[in-house]
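Asks: Kindly generate the corresponding structure for this input.
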Amino acid sequence: MLRRFLFAALLVPALICSSAFAAEKITVASDPTWPPMEFLDDSKQVVGYDVDMIKAVAKEAGMEAEVRMVAWDGIFAGVAAGNYDVVASGVTITPERQKAFLFTKPYYDVTQIVLLPKGKTAASFADLEGKTVGGQIGTTGIFVTQKSGVKLNIREYDDVGLAIQDLTNGRIDAVVCDSPVALYYANKKEGFHDKLSVAFRSPGNESFGFVVKKGRQDLVDKLNAGIDAVRAKGIEAELLKKWLGD
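Replies: Numbers count the residues shown, from 1 in each chain. Sure thing, here's the model as predicted:
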């Protein structure tokens, strides 16, 4: 009887300590249609640079990140409604988006790249006048194309991969998308790398940031501290090499 009592007395503080030091959990939304930033592996798990990055950032900030697959067309409404805490899905920081959401400091710089079928060339959007250019709906690739001032037939897709598939099948003339995605398809992705060429980059750089709903500056501060830590410890460099090469 005394032995059981002593065991119980020791167990209670242990449970209290375990609970007290449990990592805060955050729910992260990601649209896995942008390899190598985020995509589904053979086991239908969301993987990629953004996934590894947000998990590492959260860990350094004393949190645990649970990544969920969320379609792009509902991803911003979901974080605004509080259905999840963070969006980690290659989101470009823009003035328009900053009016509605909070962003962390930039964690990856990007440009927009125009892809063409192998053997085709173009130096600017002007060379594509009258052509059909595809991209994923609601992305900066589409915005850049719309603002080019060139008369183009713009076709929007739910998934950039579908746009690239149509390009290789001759249904459209070009695709515009984020540089890491374009380079992955053009240089590495099986079934595509020998069918595509990089035509040109649009002027200007963009930066990706993690997205948080308004009023959660506390979470942004923690994530910013985590970004600083993964950079200082060399974790960021390891992830860049893993997913994007040397």
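Asks: Residue 239 falls within a helix, correct?
Replies: Yes - assessed by DSSP: H, G, I helix; E, B strand; the rest coil, residue 239 belongs to a helix.
Asks: Now do the same contact list for it.
Replies: By Cβ atoms under 8 Å, 6 or more residues apart in numbering, the contact set of residue 239 is 49, 52-53, 56, 230. Bear in mind the C-beta positions are built from the backbone N, C-alpha and C, glycine included.
Asks: make it 7 Å
Replies: Taking Cβ atoms under 7 Å, 6 or more residues apart in numbering as the criterion, residue 239 is in contact with 49, 52-53, 56.
Asks: Just the helices from this structure, written as ranges.
Replies: Counting by DSSP state H, residue ranges of the helices within the chain are 2-20, 49-60, 72-80, 95-100, 140-146, 160-168, 179-187, 217-232, 235-244.
Asks: Dump those helices to TSV, plus distance to residue 116.
Replies: Formatted as TSV, the helices of the chain follow (distance: least, Cβ to Cβ, whole Å):
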stretch	distance to residue 116
helix 2-20	57
helix 49-60	25
helix 72-80	24
helix 95-100	29
helix 140-146	14
helix 160-168	8
helix 179-187	10
helix 217-232	35
helix 235-244	22
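Asks: out of these, which comes closest to residue 133?
Replies: helix 140-146 (5.5 Å; Cβ to Cβ).
Asks: So which other helices or strands are in contact with that closest one?
Replies: strand 112-117, strand 132-136, strand 153-157, strand 174-178 (3 or more Cβ pairs under 7 Å, 6 or more residues apart in numbering; DSSP states H and E).
Asks: returning to that earlier point: what's the most buried one of the helices of the chain?
Replies: Highest mean neighbour count of those: helix 49-60, a mean of 24 (counted as mean count of other Cβ atoms under 10 Å).
Asks: what's next to that one, contact-wise?
Replies: By Cβ under 7 Å, 6+ apart, the list of residues contacting helix 49-60 reads 26, 28, 30, 36-38, 64-65, 67, 86, 88-90, 107, 210, 223, 226-227, 229-230, 235, 239, 243-244.
Asks: how about low-confidence regions in the protein?
Replies: Low-confidence segments of the chain, defined by pLDDT under 70: 1-22, 246.
Asks: most packed of the helices and strands packed on helix 140-146?
Replies: Comparing the helices and strands packed on helix 140-146 by mean neighbour count (mean count of other Cβ under 10 Å), strand 174-178 ranks first with a mean of 28.
Asks: Report the strands that pair with it, each with its relative direction.
Replies: strand 112-117 (antiparallel), strand 132-136 (parallel) (DSSP bridges).
Asks: To residue 187, which of these lies closest?
Replies: Among the strands paired with strand 174-178, the nearest to residue 187 by Cβ to Cβ is strand 112-117 (11.1 Å).
Asks: for the closest one, the distance to its chain's centre please.
Replies: 19 Å (Cα atoms, centre = their mean, to the nearest Å).
Asks: Show me what that strand is in contact with.
Replies: Contacting residues not belonging to strand 112-117 are listed as 122, 140-141, 144, 164, 167-168, 174-179, 182, 185-186, 195-202 [Cβ under 7 Å, 6+ apart].
Asks: Sounds good, over and out.
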